[in-house]
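Q: Fold the following for me, if possible:
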Amino acid sequence: MSISTLNGTRPMVPEDLNPLAENNALLIPAYQRTFTSYANDPSVLDGLARAGIPSFDVLSPLSEQGLCRYDYGLLSAGNGSLDIAKSKLEAGIIWNRSPFSKVMSDSGGYQVIEGGLDIQEYHRNREEILGWQENVSEILIGMDVPPKAAKNESKTGISSLAECLQRTKSNIEWEVENRTLRRRLLNTAQVPASPDPLPEALEWYRTLAPYNDTNRWGDRACEGWAIGGLRDKSKSVPTNILLRLFLRMYVDGMLSGSNNYVHVLGVGSPKRFASMTAIQRAMQIVLGDPQFRISTDCSSPFFLVGQAGQYFVKMEKEEKTAAGQRVKRVDISEIPVPNSSFLESDGPHRFGLMIEDNLGDLHDMCGSDIRRLVATAEMFGIGEVGRHLTGTPLIAVGRLIDCASDKGRLSPLGYAVINFISLCSFIRYVYEESGKILAIKQSLVGQIVEAFRSTRPDAALSRINLD
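A: Presented below is the predicted three-dimensional model:
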């Protein structure tokens, strides 16, 4: 078997995406086990080794060795083992990340909603969950039982919003009493999806707010908030509700000092992310605190690959101006799996790959030699990550297609590579598209500040349209 060498390959200079987060809300990718587990797949490591790359870290934005650098990530207790030794194997890229990176850990409340984590087991494992969170991350999201658990009673065994709140209160109190003080613990507030969500959101907040009180709990008190209920999928709860909830928190002093960090769960669309950035900038002015921060998390780049057979990619599109001139503009979009002459499109892991120099059909490509594969322009686009990847031995030599399958499925290496591309492109996509939205809505920050300072702030905030 012939193996290509690195001769003539130009150095791989990482693309740093961290500057995108400056003066913006912070987007935190929610890493999935379907991606992180490939770091231990022998075929992936073998493919990387054949390409002259010593470790999976090249595909980890959290690593100093990554082709793309982005120092933030989230890992959920509901997506893997709570045994620390096992977790270090299945999520090694999280545990072995750069010392400059920061990771947030979710307690697994979302898995309770879906019925994937039994509510009794969730309660019994509180000590394991807290220990795992404190070891794997710098920021911990408290053990909540979200309101949607009551809407899935057949799977969760929970029948009411009151029970969700009571279970959450019990968990947060236990965590405050038992935390080891080494990490930032975010208390949880929820905005239930109802015709009038604000009263229920305020009840949830007021019930749990005492656990952020340093006069009562000292150094054990929670430091900041994680707010759920504004996930993008249905948009049944208007973003405006968050502003009105913030007003109560602001009046109570619950956004100041050690509480100057708010994480909004499950938000990844550019439109809502732009709203989070506008709110962050406005609250920095209202609070007089330039360190006040809002972050969000999203798992879309991983789920698109694994479930929808899609990925995010940066592309260059040609458009015609009003004057009739043709100009090229950079855009990022969600690309469906394209049809191909030799790749079937009936599964989630099909992508439009082409063989360099028309080397032949699938059987020729899967011969004894490692064939050179290149991606179509639609896959890698023109972004920095695309230029780096298409110029590296990883793409030029790596076997992206599973040769044991006559349907052309992606190999584990191919799956890992496409996830990486989707992740890096998604990060760029959210920041750039939200920036365009804010450029159009330049007055939004001033409107929010003015509303907070008005004589009737709640009424003024209720009139601001963020959706």
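
Q: How many residues are close by residue 437?
A: Neighbourhood size, residue 437 [other Cβ atoms under 10 Å]: 17. Any C-beta I mention is one placed from the backbone N, CA and C, and that applies to glycine too.

Q: Check which element follows the lengthiest helix in the chain along the chain.
A: Ranked by number of residues, the top helix in the chain under DSSP state H is helix 412-440. Of the helices and strands lying after helix 412-440 in sequence (DSSP states H and E), the nearest is helix 444-452.

Q: Counting neighbours, which bits of the helix or strand following that next one end up buried?
A: Using DSSP H and E, the helix or strand that directly follows helix 444-452 along the chain is helix 457-462. Neighbour-count burial for helix 457-462 flags 457, 460, 461, 462 (criterion: 16 or more other Cβ atoms under 10 Å).

Q: need those in a markdown table with pLDDT, can you?
A: What follows is the buried residues of helix 457-462, written out as a markdown table (pLDDT from 0 to 100):
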| residue | pLDDT |
| --- | --- |
| 457 | 97 |
| 460 | 96 |
| 461 | 96 |
| 462 | 94 |
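
Q: Walking through the stretch 201-350 of the chain, point out its helices one by one.
A: Remark: helices assigned in the stretch 201-350 of the chain by DSSP state H, counting those that start in this stretch are 214-217, 240-251, 270-287, 300-303.

Q: wait, which of those is closest to residue 440?
A: Of all the helices of the stretch 201-350 of the chain, it is helix 270-287 that lies closest to residue 440, at 9.3 Å by Cβ to Cβ.

Q: for the stretch 251-400 of the chain, which spans come out with low pLDDT?
A: 306-322, 325-400 (pLDDT under 70).

Q: what inclination does the longest helix of the chain have with respect to helix 270-287?
A: 60 degrees (axes from the mean of the first three to the mean of the last three Cα atoms, to 10 degrees).

Q: what helix or strand does the most centrally placed residue in the chain sit in?
A: The chain has residue 29 as the residue nearest its centroid, 2.1 Å off, counting by Cα atoms, centre = their mean. If you go by DSSP H and E, residue 29 is part of strand 26-29.

Q: buried residues in that strand?
A: 26, 27, 28, 29.

Q: cool, and stretch 138-156?
A: Buried-residue list, stretch 138-156, by 16+ other Cβ under 10 Å: 139-150, 156.

Q: just stretch 167-183 next, same as before
A: 167, 168, 169, 171, 172, 174, 175, 176, 179, 183.

Q: CA-only coordinates of that stretch in CSV, if you can.
A: Extracted C-alpha coordinates of stretch 167-183, given in CSV (Å, rounded to 0.1, in the frame of the first residue of the first chain):
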residue,chain,number,x,y,z
ARG,A,167,-37.9,19.4,42.2
THR,A,168,-35.6,22.1,40.8
LYS,A,169,-35.7,24.0,44.1
SER,A,170,-34.7,20.9,46.0
ASN,A,171,-31.8,20.3,43.6
ILE,A,172,-30.5,23.8,43.7
GLU,A,173,-30.7,23.9,47.5
TRP,A,174,-28.8,20.6,47.7
GLU,A,175,-26.1,21.9,45.3
VAL,A,176,-25.6,25.1,47.2
GLU,A,177,-25.1,23.1,50.4
ASN,A,178,-22.8,20.6,48.8
ARG,A,179,-20.7,22.4,46.2
THR,A,180,-17.0,22.6,46.7
LEU,A,181,-16.6,26.3,45.8
ARG,A,182,-14.2,25.6,42.9
ARG,A,183,-16.5,26.6,40.0
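
Q: can you map out the strands along the protein?
A: Secondary structure of the chain by DSSP state E: the strands cover 15-16, 26-29, 68-69, 72-76, 102-106, 139-141, 184-190, 225-228, 261-264, 293-298, 311-320, 326-335, 353-355, 373-375.

Q: Residue 15 pairs with what?
A: Beta bridges link residue 15 to residue 68 when assigned by DSSP bridges.

Q: From residue 222, how far out is it?
A: 36 Å (Cβ to Cβ, to the nearest Å).

Q: Then residue 295?
A: Distance, residue 295 to residue 222, by Cβ to Cβ: 16 Å.

Q: Tell me which of these two has more neighbours.
A: residue 222 (28 against 25).

Q: which residues are contacting stretch 125-133?
A: 77, 82, 84, 87, 105, 107-108, 122, 140, 143, 171, 174-175, 178-179, 183 (Cβ atoms under 8 Å, 6 or more residues apart in numbering).

Q: Pull out the buried residues from it.
A: 125, 126, 129, 130, 132, 133.

Q: Let me have the residues you listed in TSV, extended by pLDDT and distance to residue 163.
A: Below are these laid out as TSV (pLDDT from 0 to 100; distance: Cβ to Cβ, whole Å):
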residue	pLDDT	distance to residue 163
125	93	19
126	95	17
129	95	19
130	96	22
132	96	25
133	96	24
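
Q: what about the stretch 1-150 of the chain, any weak spots by pLDDT?
A: 1-13, 50-52.

Q: in the sheet, who's paired with residue 297?
A: Beta-bridge partners, per DSSP bridges, of residue 297: residue 28.

Q: Just give the number of residues close to it.
A: Residue 297, neighbours per other Cβ under 10 Å, totals 24.

Q: What of residue 33?
A: Neighbours around residue 33, by other Cβ under 10 Å: 16.

Q: Could you check how far it is from residue 86?
A: 11 Å.

Q: residues shared between the contacts of these two?
A: Residues touching both residue 33 and residue 86 by Cβ under 8 Å, 6+ apart: residue 80.

Q: can I see the domain layout of the chain?
A: 19-303+451-462, 307-430 (automatic domain parsing).

Q: Start and end of the first one, how far apart?
A: Which is domain 19-303+451-462. End-to-end span of domain 19-303+451-462 (Cα to Cα, to the nearest Å): 33 Å.

Q: how about the contacts of stretch 125-133, which pair is most distant?
A: 87 and 174 (21.6 Å).

Q: Go through the contacts of stretch 125-133 and flag which are in helices.
A: 84, 87, 122, 171, 174, 175, 178.

Q: and which of the contacts of stretch 125-133 is nearest to residue 202?
A: Using Cβ to Cβ, the contacts of stretch 125-133 come closest to residue 202 at residue 171, 20.1 Å.

Q: Identify the residue spatially nearest to the closest one, adjacent ones excluded.
A: Distances taken as Cβ to Cβ, 6 or more residues apart in numbering put residue 143 closest to residue 171, at 3.8 Å, once the chain neighbours are dropped.

Q: Please list all residues in contact with that neighbour.
A: Contacts of residue 143 by Cβ under 8 Å, 6+ apart are 107, 108, 109, 122, 126, 129, 130, 168, 171, 172, 174, 175.
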